[in-house]
Every structure is written in C-alpha cells, then in structure tokens.
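Undergrad: have a look; sequence and predicted model below, questions after that.
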Amino acid sequence: MIKNQNKLRLWINSIIIIVSLIILTDFILPGKVFSDEIVMVKKERQKHKTSSKYHYSYKIITSTHQFSVSEDFVSIVSVKDNIMYSVSSIFNEVNWYRLLTTEKKDVYSLRIITGLIVPLFTIVLIVIANRFNYQIGTLVFLAHIFLIADLIYLLL
C-alpha cells in the first residue's frame with residue numbers, strides 16, 4: 001500500500017514539475033515581439049468586497065492585443081504612442097512592454113507571479129520535500145493547488 005502511495009506521489013510530483021517547467025519556459029523565452037500603436041488606455045476601479053477600499057487597474061489596448069500594465073507605465077504613455085511588447089509562445093501572455101522611445105522594459109507584477117514565482121516555488125518545495133522525506137506534505141499539496149490555479153489562469 002505504501003509503495004503504491006509513493007509511486008502515485010512520484011507521478012503527481014513529476015507531472016507538477018513538468019507543468020512548472022512549461023510555465024517557466026513560457027515566461028523566460030522571448031516570444032513574439034510586436035510594435036503597435038496604443039488605441040486606448042483603460043482605467044478600471046477595483047473594489048474589494050470585504051472593505052470600502054479600492055484601487056485602479058490599467059490596461060493598454062492596441063489593434064491586436066490588450067494587456068494589463070502598471071500605474072507607473074500608464075503615467076508616461078498616451079493614446080497614439082507606439083509601444084513594443086513581447087507575447088509568450090505557449091500561453092499568449094504579455095511578458096514585457098516598453099515605449100519605443102525608451103530602452104527600459106516593464107513587466108506586469110501579476111505576470112511575474114504567475115510565470116516565475118509560483119512555478120519556481122513549487123519546484124523548490126517539491127525538491128525540499130523529497131530531500132526531507134515529505135515532512136511538509138501539506139505545504140506541497142498547497143503548492144500543487146496554486147500551480148493548478150496558475151495554469152487555469154494562464155489558459156483562460
């Protein structure tokens with residue numbers, strides 16, 4: 001019985017590591033680079049259900065793509081500006097963006113979390129768990145759930 005559980009655990013961890021590596025690869029590889037004109041800058045008010053506080057989210061809309069950007073980036077761009085951005089090959093997410101007039105590339109914070117932090121954290125946790133004979137099994141299970149949620153987010 002324990003031998004079957006260990007085999008199952010090994011298979012699940014192997015699949016999770018492969019998925020993590022695919023997500024990491026998608027984030028790290030350059031993808032297709034586009035140069036396009038900004039058609040619209042969209043500002044949306046985001047209200048939290050548990051409090052009266054709110055914040056704004058910003059999207060850049062071009063003729064071919066729309067993607068979230070930081071407030072700092074929105075403050076330096078306007079409609080009709082030309083921007084350059086990279087779209088990942090596997091999940092079609094924007095990895096980075098920049099104005100054509102600057103060399104500084106920006107990466108949206110949610111993209112860093114979904115493309116880099118969650119998969120790396122999952123791989124590191126599984127390796128540590130294997131090293132210490134799964135003494136942190138609950139934490140590994142939570143990392144699996146976060147990675148699956150991350151994958152679903154990237155696929156939608």
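TA: That came through fine.
Undergrad: average pLDDT for the helix or strand containing I148?
TA: Per DSSP states H and E: I148 is located in helix 137-155. Helix 137-155 comes out with an average pLDDT of 92.
Undergrad: can you list the residues that contact that helix?
TA: Contacts of helix 137-155 with the rest of the structure, by CB atoms under 8 Å, 6 or more residues apart in numbering, involve 12-13, 16, 19-20, 23, 26, 91, 93, 114-115, 118-119, 121-122, 125-126, 129, 134. Yep, even glycine has a C-beta here, placed from its N, CA and C like the rest.
Undergrad: repeat the analysis, applying 7 Å as the threshold.
TA: 16, 19-20, 23, 91, 93, 114, 118-119, 121-122, 125-126, 129 (CB atoms under 7 Å, 6 or more residues apart in numbering).
Undergrad: and the two most separated of the residues you listed?
TA: Greatest spacing in the contacts of helix 137-155, by CB to CB: E93 and A129 (28.4 Å).
Undergrad: who does the strand or helix carrying K3 touch, helix- and strand-wise?
TA: Of the helices and strands defined by DSSP H and E, K3 is found in helix 2-28. Packed against helix 2-28 by the contact rule (3 or more CB pairs under 7 Å, 6 or more residues apart in numbering; DSSP states H and E) you find helix 118-131, helix 137-155.
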